[in-house]
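**Student:** for reference, the sequence and a predicted model appear below.
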Amino acid sequence: MVAELIIHHIGRLITPKHLPPVKGKQMNEVHEIKDAFIAVADGYILACGSGDYQEYRGKKTRLYDACGKLVLPGFIDSHTHLVFGGSREREFAEKVAGVPYLEILKRGGGIFSTVEQTRAMSKKDLISQANRSLEIMLGFGVTTAEAKSGYGLDIETEIKQLEVIRDLNQIQPIELLPTYLGAHAIPKEYQGNTAAYIDLMIETMRVIKSRDLAIFTDVFCEDGVYTTAESLRILRAANEIGLIPKIHADEIVSTGGAGIAVEVNASSADHLMAIRAEDVLRLANSQTVANLLPGTSFFLDKPYANARHLIDSGVAVALASDYNPGSSPSENFQLIMQLAAGKLRMSPAEILNAVTINPAFELRIADSVGSIEPGKKADIVILEADNLEYVLYHYGINHTKAVFKKGVLVFEKGRVIRGGIQ
């Protein structure tokens, strides 16, 4: 078969080696090809290897010179709060002064401030704001992302957010996988009557499922938000309705949320800075991925998740940005990788597995993305580096040379290519 595109003169191609979920010592193993090429047909990888690629070249085959640089699979950001109204820079001074996040929440700030702004914004304006963030993410090499609702806390706005995610999938290249997060907080109008709001969320999940607006359901299981019993009720209902559970677990206080994730067969347990020792073992013996969010720890100046203990215990680990207006307002995914190296003490190979194949498994799309191999989508990032170590060492800048989504050039030389180059 003749390729439509051949990316050649790749100095070093690095891709995951093992089938997911990748755990333990296997997280420190990757497959590396020097002097490599990737042949692409119909948006999918036809072949990849080293040396001669002429057997895949035809008269109309386009060649793209990687200039001897590093090539990786497109990055997968498996935890974002992409769609929201406004911003929260006015809370920044309180944060710097040491006011705890849960205290800001009690004062009507935090999530509630964003809820008001998101309820007030039109779909058109929400699309415009989120699309600007997606262009930045794309420039840092993200080709797939999970995107949550959760700033509506009512049926109308939650559905509006999910419809925005659906519409964004039609107008920009990053593939978005939607999550319903009605359980992001307890809305003011339901304070003191959480059970009634949970009833409303369960009905909302049925509507969302019937309209095919979400794949996952998430819940913020935390002291002062949703208890473990309430989280179990929500996630069990999600399973019955056909939405895959996810959970914000053990972020600030150790509640046992990670154990709940295993109990409901959640695709991921996220944050985990305060995870219990017994729940580490439960995760290790499950298919639930530990989704670590070092950007949140960095911005809030809080302890980081103990990635070394999780990996050494046999837990499948992923990394994500937690992009949101309150606790991780940055679209710089390469910074997340650099924090994983410097603060979580993860190796370059572990980080690569944690931003490609493990999040692909978590999002139930590992059969089509997450590694560079024949039959998968040609989601490819070319970095201005000779090796992955340099990308992690030289922090705070964008190393991206080019990004391909399904074989289409969508970012090059610092600019988004609207419509792509076929």
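**Tutor:** Cool, got the structure.

**Student:** tell me the bridge partners for the nearest residue to Lys17 once chain neighbours are set aside.
**Tutor:** In space, and not counting its chain neighbours, Lys17 is closest to His31: 4.3 Å by Cβ to Cβ, 6 or more residues apart in numbering. To be clear about C-beta, it is placed using only N, CA and C from the backbone, and glycine gets the same treatment. With DSSP bridges applied, His31 shows beta-bridge pairing to Thr15.

**Student:** list the contacts for His31?
**Tutor:** Neighbour list for His31: 14-17 [criterion: Cβ atoms under 8 Å, 6 or more residues apart in numbering].

**Student:** for Arg90, helix, strand, or coil?
**Tutor:** Of the three states, Arg90 takes helix under DSSP: H, G, I helix; E, B strand; the rest coil.

**Student:** in CSV, list the contacts of His31 along with pLDDT.
**Tutor:** Formatted as CSV, the contacts of His31 follow (pLDDT from 0 to 100):
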residue, pLDDT
Ile14, 98
Thr15, 98
Pro16, 98
Lys17, 97
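
**Student:** quick one: which of these has the most company?
**Tutor:** Pro16 (27 neighbours; other Cβ atoms under 10 Å).

**Student:** my guess is that residue contacts Val369, does it?
**Tutor:** No: if you go by Cβ atoms under 8 Å, Pro16 and Val369 don't touch, sitting 11.0 Å apart.

**Student:** what do those two both touch?
**Tutor:** Common contacts of Pro16 and Val369 (Cβ under 8 Å, 6+ apart): Pro73.

**Student:** helix, strand or coil for the residue lying farthest from the centre of the chain?
**Tutor:** Distance from the centre of the chain peaks at Lys59, with 38.9 Å (Cα atoms, centre = their mean). When classified by three-state DSSP, Lys59 comes out as coil.

**Student:** how near is it to Asp212?
**Tutor:** Applying Cβ to Cβ, to the nearest Å, the value for Lys59 to Asp212 is 42 Å.

**Student:** then Glu158?
**Tutor:** From Glu158 over to Asp212 (counting by Cβ to Cβ), the distance is 15 Å.

**Student:** got the CA coordinates for stretch 103-118 in PDB?
**Tutor:** Extracted in PDB, the C-alpha atoms of stretch 103-118 (Å, rounded to 0.1, in the frame of the first residue of the first chain):
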ATOM      1  CA  GLU A 103     -12.100  28.300  52.900                       C
ATOM      2  CA  ILE A 104     -12.300  30.300  49.600                       C
ATOM      3  CA  LEU A 105     -15.000  27.900  48.500                       C
ATOM      4  CA  LYS A 106     -17.000  28.500  51.700                       C
ATOM      5  CA  ARG A 107     -16.800  32.300  51.000                       C
ATOM      6  CA  GLY A 108     -18.600  31.800  47.700                       C
ATOM      7  CA  GLY A 109     -15.400  31.900  45.700                       C
ATOM      8  CA  GLY A 110     -13.700  29.000  44.000                       C
ATOM      9  CA  ILE A 111     -16.100  26.800  42.000                       C
ATOM     10  CA  PHE A 112     -19.100  29.000  42.900                       C
ATOM     11  CA  SER A 113     -17.600  32.100  41.300                       C
ATOM     12  CA  THR A 114     -17.000  30.200  38.100                       C
ATOM     13  CA  VAL A 115     -20.500  28.600  38.200                       C
ATOM     14  CA  GLU A 116     -22.000  32.100  38.100                       C
ATOM     15  CA  GLN A 117     -19.900  33.200  35.200                       C
ATOM     16  CA  THR A 118     -20.500  29.900  33.300                       C
END
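
**Student:** and that stretch, what's buried?
**Tutor:** 104-105, 109-115, 117-118 (16 or more other Cβ atoms under 10 Å).

**Student:** among those, which are in helices?
**Tutor:** Among the buried residues of stretch 103-118, the ones falling in helices (DSSP state H) are 104-105, 111-115, 117-118.

**Student:** so when I look at Arg282, I'm seeing a helix, right?
**Tutor:** Yes: per three-state DSSP, Arg282 lies within a helix segment.

**Student:** by mean pLDDT, which helix or strand of the protein comes out lowest?
**Tutor:** In the chain, no helix or strand scores lower on mean pLDDT, DSSP states H and E than helix 101-106, which sits at a mean of 74.

**Student:** poorly predicted segments of the stretch 1-150 of the chain, please.
**Tutor:** Scanning the stretch 1-150 of the chain with the threshold set as pLDDT under 70 gives 101, 105, 108.

**Student:** same question but for the stretch 251-400 of the chain, I mixed them up
**Tutor:** For the stretch 251-400 of the chain, no stretch has pLDDT under 70.

**Student:** so what's the closest residue to Gln172 other than its chain neighbours up against?
**Tutor:** Leaving out its chain neighbours, the residue that sits closest to Gln172 by Cβ to Cβ, 6+ apart is Leu134, at 5.3 Å. Residues near Leu134 by Cβ under 8 Å, 6+ apart: 82, 145, 168, 172, 174.

**Student:** ok, so of the residues you listed, who is nearest Ala237?
**Tutor:** Leu82 (24.3 Å; Cβ to Cβ).
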